[in-house]
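Undergrad: Model the structure of this input:
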Amino acid sequence: MSGPVRQSWWKNAVFLAGADAINDSIWIDSPKIHARLGFRPRDLSRPGRCGAQQVMIDPRVTPGGRRTTVLPWVPDLLGSDWTDRCAMLIVGQSYAGFLDRYSNRPNRMPVHQYQNAGDWQTFQRAYIPAVVEDDLQYYEKLSPLLQITGSYSRFAVFDIVRASLVERRVVARISGCQQRRDGDLDLRDQSQRSVFRAYASLPESRRWTWDRVTGSQASLIVALGRTAACQLIHLFLLNGCSVHERNSKRRWTYSGQDWVYNCGMSSLKTRLSAKDWYVVTSPRLGRTWHVVVVVHPSFENEGYTSAECAIAAARIALGC
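TA: Okay, here's the model as predicted:
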């Protein structure tokens, strides 16, 4: 006997549908990145290469497609009140593959809808019902966190890298048609970690994230996993901010160079149970942010129950 059908949080979400300069830039400027060495379609044309799935369109898989097709990167998901001071900014590391006939995930988007979208708003009107709603692997897992805001509109959900980073696989006949099942990027692999680093270190990637964080009055940031948290802390430090631990008041220090995979963070569950997070201060902007680090949705199977108390405490500390 099956259990009750759970209502998708995202079906009730109230999205920003108007103008947004950052999403405009993601949509217009991201294809230009793929004219650079290492990011070009020809650089990613062979099986085993890792990079943005947005430039790996194959005419054998997508009839009428062109090898030179370059799709824009994914615009940020914004609630209509994402700039509210009590909004929540949720930050991940990079998008997984979501193109139909190129990806393994259940929720996929047809390539032609992506190609035919003339602007980011049109793209999202297709992307949200196809990929976001009822996605039990990622987006719906974020619902318990988003519900903490008590709103369907006070949120921004985005990744450090707005491209779908994948390992290109070979084309094969599956279910009677040509398909390609690209693999997820594995950051335990040093070579694949360097690919993520290359995309995350792009001036555009850093600018979009910094402008998104500073463009809202929200001070609560939830980082999904160590990689996203390390990148955020690094970005704050690059912009002259100070970072310290909330409980111990210790200033952030890291002597290593690998800001991708760990950067010396202790157990996330231990930190959450202690209601500990990072406090970031920008003297130049007169701003303070609280960064709560939770496990990535792919490792979360308990509805983020261990994170709810810490996030609630961080909201109270911010007056929300």
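Undergrad: Could I get the full set of helices for the protein?
TA: Secondary structure of the chain (DSSP state H): helices at 9-12, 21-33, 111-116, 120-127, 143-147, 190-200, 203-214, 226-238, 268-273, 305-317.
Undergrad: Can you say which of those helices is packed in most?
TA: With neighbours defined by mean count of other CB atoms under 10 Å, none of the helices of the chain is more surrounded on average than helix 226-238, at a mean of 22. C-betas here are computed from N, CA, C, even on glycine.
Undergrad: Touching, residue 268 and residue 299? I think so.
TA: No - in this structure, residue 268 is not within contact of residue 299 by CB atoms under 8 Å, at 9.5 Å.
Undergrad: Can I get the helices of the chain in TSV including mean pLDDT and distance to residue 163?
TA: Below are those laid out as TSV (pLDDT from 0 to 100; distance: least, CB to CB, whole Å):
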stretch	mean pLDDT	distance to residue 163
helix 9-12	95	22
helix 21-33	98	7
helix 111-116	92	13
helix 120-127	97	14
helix 143-147	95	24
helix 190-200	95	6
helix 203-214	98	9
helix 226-238	96	14
helix 268-273	89	25
helix 305-317	93	27
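Undergrad: mind checking which of those helices is nearest residue 181?
TA: Within the helices of the chain, the stretch nearest residue 181 is helix 111-116; the backing value is 14.7 Å (CB to CB).
Undergrad: Against which helices or strands is the closest one packed?
TA: Under the contact criterion of 3 or more CB pairs under 8 Å, 6 or more residues apart in numbering; DSSP states H and E, helix 111-116 touches helix 120-127.
Undergrad: The helix it packs on vs helix 21-33, what angle?
TA: Interaxial angle of helix 120-127 relative to helix 21-33 (axes from the mean of the first three to the mean of the last three CA atoms, to 10 degrees): 90 degrees.
Undergrad: which other residues reach helix 120-127?
TA: 15, 17, 20, 23-24, 26-27, 72, 74-75, 77, 98, 109, 113-114, 117 (CB atoms under 8 Å, 6 or more residues apart in numbering).
Undergrad: and with 7 Å instead?
TA: Helix 120-127 is contacted by residues 17, 23, 24, 26, 27, 75, 109, 113, 114, 117 when judged by CB atoms under 7 Å, 6 or more residues apart in numbering.
Undergrad: Repeat that for stretch 14-26.
TA: By CB under 7 Å, 6+ apart, stretch 14-26 touches 72-73, 75-76, 78-80, 82, 120-121, 152-153, 162, 208, 211-212, 215.
Undergrad: Please list only the buried members of those residues.
TA: For these, burial is judged from neighbour counts taken by 16 or more other CB atoms under 10 Å, and it is met by 72-73, 75-76, 78-80, 82, 120-121, 152-153, 162, 208, 212.
Undergrad: if we can go back for a sec, out of the helices of the chain, nearest to residue 105?
TA: Closest approach to residue 105 among those (CB to CB): helix 120-127, 13.1 Å.
Undergrad: Please save the CA atoms from that closest one in CSV.
TA: Extracted in CSV, the C-alpha atoms of helix 120-127 (Å, rounded to 0.1, in the frame of the first residue of the first chain):
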residue,chain,number,x,y,z
TRP,A,120,16.2,33.2,-19.2
GLN,A,121,12.5,33.7,-18.2
THR,A,122,11.4,31.5,-21.1
PHE,A,123,14.0,28.9,-20.2
GLN,A,124,12.8,28.7,-16.6
ARG,A,125,9.2,28.3,-17.6
ALA,A,126,10.3,25.0,-19.2
TYR,A,127,13.1,24.1,-16.7
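Undergrad: which two from the contacts of helix 120-127 end up farthest apart in space?
TA: Once CB to CB is applied, the contacts of helix 120-127 give 24 and 109 as the farthest pair, at 20.5 Å.
Undergrad: quick one: contacts for residue 109?
TA: 98, 99, 100, 126, 127, 130, 131.
Undergrad: who's in contact with the closest residue to it other than its chain neighbours?
TA: What sits nearest to residue 109 in space, not counting adjacent residues and going by CB to CB, 6 or more residues apart in numbering, is residue 130, at 4.4 Å. When contacts are counted by CB under 7 Å, 6+ apart, residue 130 touches 107, 108, 109.
Undergrad: No more questions from me, cheers.
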